[in-house]
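Student: can you look at this prediction? I've put the sequence above it.
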Amino acid sequence: MSTTFNPAWWLPGPHLQTLWNPLCRAPAQLQRERERLWLEDGDFLDLDWHGRHDPKAPLVLVLHGLTGSSSSLYVLGVQQALAARGWASVALNWRGCSGEPNLLARGYHSGASEDLAETVRHLRAQRPMAPLYVVGYSLGGNVLLKYLGESGVESQLRGAVAVSVPFRLDQCADRLGLGFSRIYQAHFMNQMVAYVKTKQRLFAHQGMADRLASLERLGPLDGMRTFWDFDGRITAPLHGFSDAEDYYTRSSSRYFLDRIHTPTLIIQAADDPFVFRHSLPEADELPPCVQFELHAHGGHVGFVDGSPLRPGYYLERRIPQWLAARASG
């Protein structure tokens, strides 16, 4: 297929491309099976399986973005597209994102590659004959690239695709504070504060005094308007970082790219309203195994083409096509 993306004429600009999926798209109707993966620290992740049960069929792990879930429409869409090729897929819900609060005070964040590593080990043990691939969107793409850099030749993956990646978390936090992007920032703040409050109610109801105290020590949850506010007051202390800057520095995937050894495709839009153009990596930062596909348009996890009556989704054609080429190569 062509790797040229022609944006829908009826969705001009990055914001309409970004907002179409979450606000206007009809969800794919999939039959999925949920598996609960218990983690070494006593917490859990929920995995939603779809497609072939053949233990040798190619398997794709799909990672959602910030405040998303396995029910995000781009996740459902790519699982449906993979199943059409006869591939199996499993959508990961990061901690607390499956509709049920997770059990520890800590949550998920843009650098939580240890949770991805544990999931990969689980899937390799469960289906050792199946070639394993990972697709990550936004936050999930950042976690994926960080994991690939950390694991190097030991990633256990045949290939990976990362979409709309926030390569420099500090710069993306700044970008989301500008112009219309502040609408996205306000949405994320509401969702992330609600995530913490839900856990506080769970811990209080179940008498988990020590875990409740860990959250209460963070202080009041009001007055946080920016990512710098939230990540400095909540994300950093909960996950062992000294402050927001330390979290951003240690978790930004751009610093891990040169250590990637797994065949990887990165799909990015130059007009992404979450990411500055200067946050994108230069060619000399990417190893030969990484293919960087930069489109002029597409927004953030958008890439909608076609007509108003028959909208098309470039990512759901391009990603399975690229993965299939890796499988047959």
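Tutor: Received it, and whenever you're ready, just let me know what you need. Numbers count the residues shown, from 1 in each chain.

Student: list the contacts of the host helix or strand of Arg318.
Tutor: Under DSSP states H and E, the secondary-structure element containing Arg318 is helix 314-328. Helix 314-328 is contacted by residues 1, 3, 5, 58, 60, 74, 77-78, 80-82, 84-85, 87, 131, 133, 135, 158-159, 161, 163, 263, 265, 267, 293, 298, 301, 303-305 when judged by Cβ atoms under 8 Å, 6 or more residues apart in numbering. In this view, the C-beta of every residue, glycine as well, is placed from N, C-alpha and C.

Student: which ChimeraX command selects the buried ones in the residues you listed?
Tutor: Isolation of the buried members of the contacts of helix 314-328 (16 or more other Cβ atoms under 10 Å) is achieved in ChimeraX through the command below:
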select :5,58,60,74,77,78,80,81,82,85,87,131,133,135,158,159,161,163,263,265,267,298,301,303,304,305
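
Student: number of residues surrounding Arg259?
Tutor: As a burial measure, Arg259 scores 14 neighbours (other Cβ atoms under 10 Å).

Student: please tell me how far it sits from Val165.
Tutor: Taking Cβ to Cβ, to the nearest Å as the measure, Arg259 falls 16 Å from Val165.

Student: all strands of the protein, in order?
Tutor: Using DSSP state E, the strands of the chain run over 33-38, 44-50, 59-63, 88-93, 132-137, 159-163, 264-269, 290-295, 304-306, 311-313.

Student: check contacts around Val153.
Tutor: Applying Cβ under 8 Å, 6+ apart to Val153 gives the contacts His261.

Student: where does the chain dip in pLDDT?
Tutor: Low-confidence segments of the chain, defined by pLDDT under 70, are located at 1-2, 329.

Student: quickly list the domain ranges of the protein.
Tutor: Segmentation of the chain into domains, based on automatic domain parsing, reads 13-168+254-328, 179-251.

Student: which of the ones you listed is buried the deepest?
Tutor: With neighbours taken as mean count of other Cβ atoms under 10 Å, the domains of the chain reach their highest mean count in domain 13-168+254-328, at a mean of 19.

Student: just the terminal-to-terminal distance for it.
Tutor: Between the start and the finish of domain 13-168+254-328 there is a gap of 36 Å, counting by Cα to Cα, to the nearest Å.

Student: ok, now stretch 282-298?
Tutor: From its first residue to its last, stretch 282-298 covers 20 Å (Cα to Cα).

Student: before we move on, back to that, the helix holding Arg318 versus strand 59-63: what angle between them?
Tutor: 140 degrees (axes from the mean of the first three to the mean of the last three Cα atoms, to 10 degrees).

Student: by how many degrees do helix 314-328 and strand 290-295 diverge?
Tutor: Between the axis of helix 314-328 and that of strand 290-295 there is an angle of 160 degrees, by the same axes, to 10 degrees.

Student: how far off centre is helix 314-328?
Tutor: Computed by Cα atoms, centre = their mean, to the nearest Å, the separation of helix 314-328 from the middle of its chain amounts to 18 Å.

Student: what's the angle between it and strand 132-137?
Tutor: Put simply, helix 314-328 runs at 160 degrees to strand 132-137, going by the same axes, to 10 degrees.

Student: going forward, count from 50.
Tutor: With the count now opening at 50, the last piece we talked about shows up as helix 363-377.
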